[in-house]
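Peer 1: Below is the sequence, then the predicted model.
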Amino acid sequence: MDKIYYLASCDTCRKIIKSLPKDHDFKFHDIKQDPITVEELEQMRELSGSYEALFSKKAQLYKSMDFKNKSLTEDDFKKYILEHYTFLSRPVFIIDGKIFIGNTQQNMLQVMKALA
């Protein structure tokens, strides 16, 4: 089953979810209410190629922890994503075994194409 990892309190995530085709059956996973597991993160990393690809550098916490001036490793990206939901770039779609990360216009066009 296709899956969406999202944050229910995120306006952008809610807007994106509203725009999805109503006839498509998704499993919704609110990452704040139900934190992602190591296994789920491993699956996302396998599909995306790295933890860094899943890591949000737009998060407030990223700025407040001054990560842009630090050299983070793949292990660091994994650790921080598991520690705090805000570090997962969202939404994350897994559709037919392919992963789509983030809310860029280009990414959303690819998601809609994958659902067509």
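Peer 2: That came through fine. Residues are numbered from 1 along each chain as shown.
Peer 1: Next SSE downstream of the strand or helix carrying Leu82?
Peer 2: Secondary structure assignment for Leu82, by DSSP states H and E: helix 74-83. Going down the chain from helix 74-83, the next helix or strand is strand 92-95, by DSSP H and E.
Peer 1: Restrict that next one to CA atoms and write it as CSV.
Peer 2: Provided in CSV are the C-alpha atoms of strand 92-95 (Å, rounded to 0.1, in the frame of the first residue of the first chain):
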residue,chain,number,x,y,z
VAL,A,92,7.4,11.7,2.2
PHE,A,93,5.5,9.6,-0.3
ILE,A,94,6.2,6.0,-1.0
ILE,A,95,4.2,5.1,-4.2
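Peer 1: Adjacent strands (with direction) for that strand?
Peer 2: strand 2-6 (antiparallel), strand 98-101 (antiparallel) (DSSP bridges).
Peer 1: Give me the buried positions along the longest one.
Peer 2: Across strand 2-6, burial judged by 16 or more other Cβ atoms under 10 Å covers Lys3, Ile4, Tyr5, Tyr6. C-betas here are computed from N, CA, C, even on glycine.
Peer 1: go on, stretch 28-35?
Peer 2: For stretch 28-35, using 16+ other Cβ under 10 Å, the buried residues are His29, Asp30, Ile31, Pro35.
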